Structures are given as C-alpha cells and as structure tokens.
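> this is the structure alone, sequence omitted:
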C-alpha cells in the first residue's frame, strides 16, 4: 500500500510542475536568460524530490536489513506509477 501512496505523491508533484509549465507565462511573463536557468534548477530539484519520495523508505529498509521489503516497495511504486501513467494516457486519449 505504501507503494501506491509514494506513486500518488510523485504523480501529484508532477501535476504541480505541469501546472507551472501550463501557466508559466501568465505567472512569470516572458523570460530571458533566467528561463533556461530556472528550468535546469527545477529539473534538479524535481529529481531530488522524486528520489526522496520513492527511495527514502526503501533506503531505510535496506540498511535495516530488510532487503526484500525494500526491493518490493520499489517495484510496487514503479508498478503504481505505470498504472497512473496509463490512466492519464487514457484520459488524454478520450478528451
């Protein structure tokens, strides 16, 4: 069940970043040199945030000697993320 919530957290975070992409010009106006710099900083921060959401708990489990549970949690999160991807792909297809 934790894999579901981790995948839901990543999906929610990606939704927030998508909202920023969608409404970015309205929020920030036209960008100059800072636009690409902000995008790279956002990418770096996003990688770190998603890694923390997905891998922090398995990391703790792994170093507590629960290697099987850690790998199962990563696989569960991955499977749920794929399910969420398919749901959003289906919604995009029908709309």
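Yes, it's here. This structure is a prediction, so every number in the text was calculated from the model and none was measured.
> from here on, just use CA atoms for contacts and neighbour counts.
Fine.
> and for this structure, the residue most distant from the center?
residue 32 (27.2 Å; C-alpha atoms, centre = their mean).
> how would you label it: helix, strand or coil?
coil (DSSP: H, G, I helix; E, B strand; the rest coil).
> could I get the phi/psi values of it?
When read as degrees, to the nearest 10, the backbone of residue 32 gives phi -110, psi -130.
> also residue 29?
For residue 29, the backbone dihedrals (degrees, to the nearest 10) come out as phi 80, psi -170.
> got a pLDDT number for it?
Residue 29 carries a pLDDT value of 80.
> tally of neighbours for it?
Residue 29 has 9 neighbouring residues, counting by other C-alpha atoms under 10 Å.
> one more: residue 4?
Neighbourhood size, residue 4 [other C-alpha under 10 Å]: 18.
> could you number the chain from 19 rather than 1 from now on?
From this message on, residue numbering opens at 19, which makes the last subject residue 22.
> for residue 40, see how far away it is.
Relative to residue 40, residue 22 is positioned 26 Å away (C-alpha to C-alpha, to the nearest Å).
> what about residue 25, neighbour count?
For residue 25, using other C-alpha under 10 Å, the count is 24.
> which helices and strands does the helix or strand that it is a member of pack with?
Following DSSP states H and E, one finds residue 25 within helix 20-46. Judged by 3 or more C-alpha pairs under 8 Å, 6 or more residues apart in numbering; DSSP states H and E, helix 20-46 is in contact with helix 52-81, helix 85-112.
> and that helix, which residues are buried?
Across helix 20-46, burial judged by 16 or more other C-alpha atoms under 10 Å covers 21, 22, 24, 25, 26, 27, 28, 29, 31, 35.
> let me know the closest of these to residue 72.
Residue 72 has its nearest neighbour among these in residue 24, at 5.9 Å by C-alpha to C-alpha.
> contacts for stretch 60-68?
Outside stretch 60-68, the residues that touch it by C-alpha atoms under 8 Å, 6 or more residues apart in numbering are residue 28.
> quick one: average confidence on that stretch?
Stretch 60-68 comes out with an average pLDDT of 96.
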